[in-house]
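Participant: return atomic coordinates for the entry below.
(one chain, ligands or ions: 1)
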Amino acid sequence: MTQIRGIHHVTAIASDPQRNLDFYAGVLGLRFVKRTVNFDDPHTYHFYYGDDVGSPGSILTFFPWPGARRGRQGTGQVTVTSFAVLPTALGFWIERLLRHGVKYEGPTRRGPSGSESEQVISFKDHDGLMLEIVAHAGAEARSAWGDAPGIPRDNAIHGFHGVTLWVGDGGPSEKVLVDTLGFRPLHEERGTRRFESGDGGPGTFVDVRSIGGFVQGAGGAGTVHHVAWSVADDETQLTVRERVVNAGLHPTPVIDRNYFHSVYFREPGGVLYELATNPPGFAIDEPVEQLGERLMLPAQYEPHRAEIEAILPRIHLPVPATAVSAFAESTGPEDVSGDALGFVHRYVPPAAGSEVAGGTTLLLLHGTGGDENDLLPLGRSLLPGAAMLSPRGKVLERGAPRFFRRLAEGVFDQEDLALRTEELARFIEAASATYALERDGLVAVGFSNGANIAGSLLLRRPGLLRGAVLLSPMVPYEPSALPDLAGTAAFIGAGRNDPIAPKEQVERLASMLRDAGAEVTVHWQNAGHTVTKDEVDAAQRWIARHITSGAGRVGR
Ligand code: ZN
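Facilitator: Model (predicted):
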């Protein structure tokens with residue numbers, strides 16, 4: 001009779017939507033898979049977090065009500081929501097929670113020894129919702145999102161581990177779990193009995209804790225609203241619903257929740273259960289790559305989109321706004337990434353005590369087809385310990401990110417270049433304020449297309465950059481009047497056999513920058529359109545001489 005596959009989702013109540021996003025997408029690194037509204041109250045958000053596609057068993061959802069009053073944990077509720085991680089990830093999470101100022105308890109060992117043994121870290125979100133990260137060998141069987149900033153897939157959360165119910169008397173609740181829903185009893189430890197369903201293991205566990213006489217729970221921020229059990233399809237849902245009726249409980253009719261179909265009922269201990277179908281899933285109304293980026297509305301609310309959007313609080317994804325305060329409390333460098341400030345980007349703060357880098361921030365600008373991660377290793381070798389700001393180009397050329405459009409190889413769309421340069425300059429200004437960067441210390445490091453927009457920044461926005469390392473660059477455009485680049489330094493690395501950035505282009509760019517008053521160093525190498533070790537070494541020496549020694553600052 002095992003027709004419940006495990007947990008489908010857990011839905012909880014939160015207060016501030018942005019804090020909720022910052023914590024679950026930012027700190028815990030769950031993917032924000034859907035931003036929609038409460039279908040019963042379209043003026044409040046409904047957030048869904050999960051793995052890369054929001055698989056059943058990974059989905060944690062919230063109704064964030066700004067200013068919501070706190071609820072109270074007690075009987076008749078799911079009180080603890082547990083996430084599964086690999087046993088090797090435990091240390092990572094202890095360090096990460098510490099670094100983000102999240103108070104935690106543990107790790108403590110729980111359960112029988114052997115492959116069923118688990119290590120648990122307990123903590124709460126901003127609203128007091130009780131959470132656990134549970135290291136368990138079985139986590140491997142569940143999927144994770146591998147693209148969370150700063151969280152490699154092996155350390156990422158692999159869906160739910162289980163949920164804990166608090167009930168006055170466990171008997172009737174356990175009877176429904178076993179006789180009606182097909183759960184199997186596993187073991188008992190200190191008054192808590194564990195059950196599993198489906199294939200068993202993390203994602204299917206429910207712990208029932210009998211605490212007669214304990215205060216009854218009250219709904220509100222920081223409490224779980226309901227837990228949904230996963231059923232394969234509509235037919236199975238109706239079969240299980242029938243059994244719920246036969247058990248003397250009172251399920252709702254099937255309700256269409258757009259991303260799944262739902263039946264709700266209250267079990268004898270007072271906990272609200274849902275039976276949710278696995279299909280259709282979250283890609284029903286937006287592509288998998290763009291999950292969570294836009295507000296999605298069900299058909300009945302689409303005509304009211306403008307009004308709904310005007311009422312909903314503004315949110316951004318995932319968290320750079322908190323970056324500065326996070327660094328202030330952090331014990332070491334912490335990456336930040338997100339799509340706030342107008343660009344998907346990464347910001348790597350300066351390493352603690354990195355005197356050499358001074359106030360220098362490397363602005364990394366990748367070549368066509370690269371992304372915000374590409375040039376981080378280059379930045380680290382050019383100036384170890386320096387802060388790095390690395391945006392991803394917003395123009396897509398057959399799926400390959402670039403910083404501006406081109407009409408053909410070597411033929412730039414000048415109107416687009418002008419707009420994109422201005423857009424990038426605004427991002428740099430916003431990021432400088434957000435991350436408290438020294439405005440006098442920005443040095444662009446660009447390769448190819450990235451070098452070309454860096455050249456455009458130099459010519460269009462003199463004073464924004466203190467210097468630039470231009471690798472395999474071309475002349476971005478011919479300015480009608482040269483800017484004043486006195487006090488600006490540029491390093492040009494070029495290949496004699498570069499078919500894309502030919503010699504004449506490189507020489508023209510160098511003389512243009514010199515004529516504008518910049519101090520220009522050109523490094524030629526016997527190579528094509530590429531970055532070589534020799535070139536990196538030369539650029540590194542140039543940075544030491546012209547940027548970090550302080551000599552170049554005279555005259556600014
Ligand atoms: Zn639900």
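
Participant: quick one: stretch 58-78 to chain centroid distance?
Facilitator: Distance of stretch 58-78 from its chain centroid, counting by C-alpha atoms, centre = their mean, to the nearest Å, is 22 Å.

Participant: give me the buried positions along it.
Facilitator: Applying a neighbour-count criterion of 16 or more other C-beta atoms under 10 Å, one finds 58-65, 68, 71, 73-78 buried in stretch 58-78. In short, each C-beta sits where N, CA and C put it, glycine included.

Participant: out of these, flag the one nearest to the ion.
Facilitator: Of all those, the one sitting nearest the ion is residue 61; the distance, using C-beta to the ion, is 6.5 Å.

Participant: quick one: the closest one is in a strand?
Facilitator: Yes - note on residue 61: a strand contains this position according to DSSP: H, G, I helix; E, B strand; the rest coil.

Participant: contacting residues for it?
Facilitator: Taking C-beta atoms under 8 Å, 6 or more residues apart in numbering as the contact definition, residue 61 lies against 9, 10, 11, 12, 46, 47, 48, 49.

Participant: wait, residue 15 sits on residue 221?
Facilitator: Yes - contact between residue 15 and residue 221 holds when scored by C-beta atoms under 8 Å: they sit 4.4 Å apart.

Participant: intersection of neighbour lists for the two?
Facilitator: Joint contacts of residue 15 and residue 221 (C-beta under 8 Å, 6+ apart) are 65, 68, 70, 127.

Participant: now what about the longest helix seen in the chain, what contacts it?
Facilitator: The helix of greatest length in the chain, counted in residues with DSSP state H as the criterion, is given as helix 414-434. For helix 414-434, contacts defined as C-beta under 8 Å, 6+ apart pick out 320-321, 323-324, 341-343, 345, 347, 363, 389, 391, 394-395, 403-405, 437, 439, 442, 453, 456-457, 460-461, 464, 476-477.

Participant: what do you get for stretch 129-140?
Facilitator: Here stretch 129-140 makes contact (C-beta under 8 Å, 6+ apart) with 12, 14, 73, 79-90, 93, 107, 110, 115-125, 157-159, 161-162, 201-202, 222-224.

Participant: got it, and stretch 65-76?
Facilitator: Contact partners of stretch 65-76, identified using C-beta under 8 Å, 6+ apart, comprise 13-17, 44, 79, 127-128, 130, 166-168, 211, 214-223, 269-271, 313.

Participant: out of the residues you listed, which end up buried?
Facilitator: Buried members of these, counted by 16+ other C-beta under 10 Å: 13-17, 44, 79, 127, 130, 166-168, 211, 217, 219-223, 269-271.

Participant: output the lowest mean pLDDT helix or strand found in this protein.
Facilitator: Among the helices and strands of the chain, helix 323-329 carries the lowest confidence by mean pLDDT, DSSP states H and E, at a mean of 34.

Participant: which parts of the stretch 1-150 of the chain sit against the ion?
Facilitator: Applying C-beta under 5 Å from the ion, we find that the stretch 1-150 of the chain lies next to the ion at residue 11.

Participant: at 8 Å what do you get?
Facilitator: On the criterion C-beta under 8 Å from the ion, the ion has as its neighbours in the stretch 1-150 of the chain the residues 8, 9, 11, 61.

Participant: for the stretch 101-250 of the chain, which segments count as strands?
Facilitator: Listed in chain order, the strands of the stretch 101-250 of the chain (DSSP state E, counting those that start in this stretch) span 104-110, 118-124, 130-135, 160-167, 184-189, 192-196, 205-210, 224-231.

Participant: save those as JSON lines, and put in distance to residue 26 too.
Facilitator: As requested, those are exported to JSON lines (distance: least, C-beta to C-beta, whole Å):
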{"stretch": "strand 104-110", "distance to residue 26": "16"}
{"stretch": "strand 118-124", "distance to residue 26": "15"}
{"stretch": "strand 130-135", "distance to residue 26": "15"}
{"stretch": "strand 160-167", "distance to residue 26": "19"}
{"stretch": "strand 184-189", "distance to residue 26": "33"}
{"stretch": "strand 192-196", "distance to residue 26": "31"}
{"stretch": "strand 205-210", "distance to residue 26": "27"}
{"stretch": "strand 224-231", "distance to residue 26": "21"}
